[in-house]
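Chemist: here is a sequence together with a model predicted from it:
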Amino acid sequence: MKHLSILGSTGSIGVSTLEIVAAYPDRFRVVALTAGKNLELFARQIRQFSPRIAAVASEADVPQLKELCHGLEVEILGGVEGLIAAATSDETEMVVAAIVGAAGLTPTAAAVRAGKDIALANKETLVTAGHIFMEMVARYNVRLYPVDSEHSAVFQSIEGHRSQDISKIILTASGGPFRNTPVEQLAQVTVRDALNHPNWSMGRKITIDSATMMNKGLEVLEARWLFDVPVEKIEVNIHPQSIIHSMVEYVDGCVIAQLGTPDMKAPIAYALSYPERIATGVKALDLTIFSGLTFFKPDLDKFRCLGLAYRAINDGESMPAVMNAANEIAVEAFLNGEIGFIQIADVIERTMDRHQAHDLKSIDEVLLADSWGRDTACTICGGLRN
Ligand code: NAD
Ligand code: MG
């Protein structure tokens, strides 16, 4: 029986994780759940999975959640301290880190310090704090399993191989809803167009990140830290069918790939049950229905965010945290109708241009860079609105 804390249980990854947990009551038990805003769904999850701890991001939501959970035996907590308590509870063996954004960093880092294994969906943890986080993973001797489908694919393609034999990691990308949209038309696309992802159903922030391809930029940085490979050896291929989830090329010219129907339940289940494989209900792959699997290089003039991510890591340690923060602010502003789609990249680039990159020595220093990035990006967004 594996005891789990699920951070961000009401999100897309959180809900899929709980579906797997529900299918395997003899294998997984939920010790703690956390959520941001959707209190009704959260209360239903608490009723169904009977965690000992349930934490909401905002202290102000605690009374309402208590009311919704009236009569249930659960400790209800709020704020960052509550999220940390959920992530570090004595009984927990593995933490599923599925909060969206840099908000996931503090509780996930706390879980590592408490010696918990991590199933990592929250890529922003590695984007913002990669070298510090990986050093903590080694120091506290915890295991880190990728949930992101591309990184799960690389993880599966790398098993049994020596890292010095890797010549290249090839991350695949669907290309999102604007893969075929001419660059000059991007100025007119709407929030609705951008949320209309062709292959994956995900939370709103990552769906916009997929449309700008910042998601792939974040994933390049995530892969850099997870697999200790320099970004020069990490390439992105657009692969519209999303069947090959990523590949690893070795020095002898052999390439190993992982394939499957695009469904996050497969990588989530592998992270939860590693090294075993469990049935997930994911539709079996029938390659004969595809007339062809295609691959091409991304257009960096069109998908500027992808280039900004490569730039960020070369600029210096604090730049990816600043870039990520600016992206979160810009995506939020776009979703609120305050800026246009192509201004997302403008906001990020201008924020990065104003930042003097420096070294980062602790999670606290990462959080400072993050908040500098947020403040600066807010100011820049404000200027664009006027
Ligand atoms: P989502 O928006 O659907 O869910 C996010 C969860 O985090 C929700 O439970 C929400 O209530 C909670 N949350 C939001 N803000 C919070 C805050 N400030 N403090 C505490 N909790 C907060 O997001 P998602 O699509 O499930 O993605 C979660 C993470 O997994 C992201 O980092 C994303 O990049 C990554 N990821 C998602 C997918 C996917 O298919 N959805 C695939 C790969 C990686
Ligand atoms: Mg991914």
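Modeler: Noted; the coordinates are in hand. Every value quoted in this text rests on a predicted model; they were computed, and no experiment measured them. Ligands and ions are numbered 1, 2, ... in the order given.

Chemist: ok, the residue of the stretch 151-300 of the chain found nearest ligand 2 - contacts?
Modeler: Of all residues in the stretch 151-300 of the chain, residue 219 sits closest to ligand 2, at 5.5 Å by CB to the ion. For glycine as for every other residue, the C-beta is placed from the backbone atoms N, C-alpha and C. Residue 219 makes contact with 123, 148, 150-151, 171, according to CB atoms under 8 Å, 6 or more residues apart in numbering.

Chemist: narrow the residues you listed to those in strands?
Modeler: residue 171 (DSSP state E).

Chemist: so which of the contacts of residue 219 reach ligand 1?
Modeler: Taking CB under 6 Å from any ligand atom as the test, ligand 1 is in contact with 123, 148 out of the contacts of residue 219.

Chemist: can you list the contacts of residue 219 in TSV and add distance to ligand 2 and pLDDT?
Modeler: TSV is the format used below for those (distance: CB to the ion, whole Å; pLDDT from 0 to 100):
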residue	distance to ligand 2	pLDDT
123	8	98
148	4	98
150	5	98
151	7	98
171	8	98
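
Chemist: can I get the contacts of residue 219 in a markdown table with neighbour count?
Modeler: Formatted as a markdown table, the contacts of residue 219 follow (neighbours: other CB atoms under 10 Å):
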| residue | neighbour count |
| --- | --- |
| 123 | 28 |
| 148 | 28 |
| 150 | 27 |
| 151 | 26 |
| 171 | 22 |
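
Chemist: re earlier: quick one: mean pLDDT over the host helix or strand of the residue of the stretch 151-300 of the chain closest to ligand 2.
Modeler: Using DSSP states H and E, residue 219 sits within helix 214-226. The average pLDDT within helix 214-226 is 98.

Chemist: heading C-terminal from it, find the next helix or strand.
Modeler: Next in sequence after helix 214-226, counting helices and strands by DSSP H and E, comes strand 234-238.

Chemist: what is that following strand packed up against?
Modeler: Counting contacts by 3 or more CB pairs under 8 Å, 6 or more residues apart in numbering; DSSP states H and E, strand 234-238 packs against strand 166-173, helix 214-226.

Chemist: ok, which of these comes nearest residue 68?
Modeler: Of all these, it is helix 214-226 that lies closest to residue 68, at 33.1 Å by CB to CB.

Chemist: is any part of the closest one close to ligand 1?
Modeler: No: on the criterion CB under 6 Å from any ligand atom, helix 214-226 is out of touch with ligand 1, staying 7.0 Å away.

Chemist: and the longest helix along the chain with ligand 1, contact?
Modeler: Ranked by residue count, the top helix of the chain under DSSP state H comes out as helix 363-385. No: judged by CB under 6 Å from any ligand atom, helix 363-385 stays clear of ligand 1, getting no closer than 12.1 Å.

Chemist: avg pLDDT for stretch 354-366?
Modeler: Mean predicted confidence for stretch 354-366 is 98.

Chemist: now tell me what touches that stretch from outside.
Modeler: 105-106, 109, 128-129, 131-133, 315-319, 321-322, 369, 372-373, 376.

Chemist: check this protein for the residue nearest ligand 1 and tell me.
Modeler: residue 11 (1.9 Å; CB to the nearest ligand atom).

Chemist: ok, residue 312 to residue 369 distance?
Modeler: 11 Å (CB to CB, to the nearest Å).

Chemist: equivalent analysis for residue 75, please.
Modeler: 33 Å.

Chemist: how far is the longest helix of the chain from where the chain is centred?
Modeler: 20 Å (CA atoms, centre = their mean, to the nearest Å).

Chemist: buried residues in that helix?
Modeler: 363, 365-367, 369-370, 372-374, 376-378, 380-381 (16 or more other CB atoms under 10 Å).

Chemist: could I get those as a markdown table with distance to ligand 2?
Modeler: Putting the buried residues of helix 363-385 into a markdown table (distance: CB to the ion, whole Å) gives the following:
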| residue | distance to ligand 2 |
| --- | --- |
| 363 | 24 |
| 365 | 27 |
| 366 | 22 |
| 367 | 24 |
| 369 | 24 |
| 370 | 21 |
| 372 | 27 |
| 373 | 22 |
| 374 | 24 |
| 376 | 27 |
| 377 | 23 |
| 378 | 27 |
| 380 | 27 |
| 381 | 26 |
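
Chemist: hey, what's residue 75 bridged with?
Modeler: Following DSSP bridges, residue 75 is listed with bridge partners residue 53.

Chemist: that older thread, for the buried residues of helix 363-385, which one is nearest residue 186?
Modeler: residue 381 (18.1 Å).
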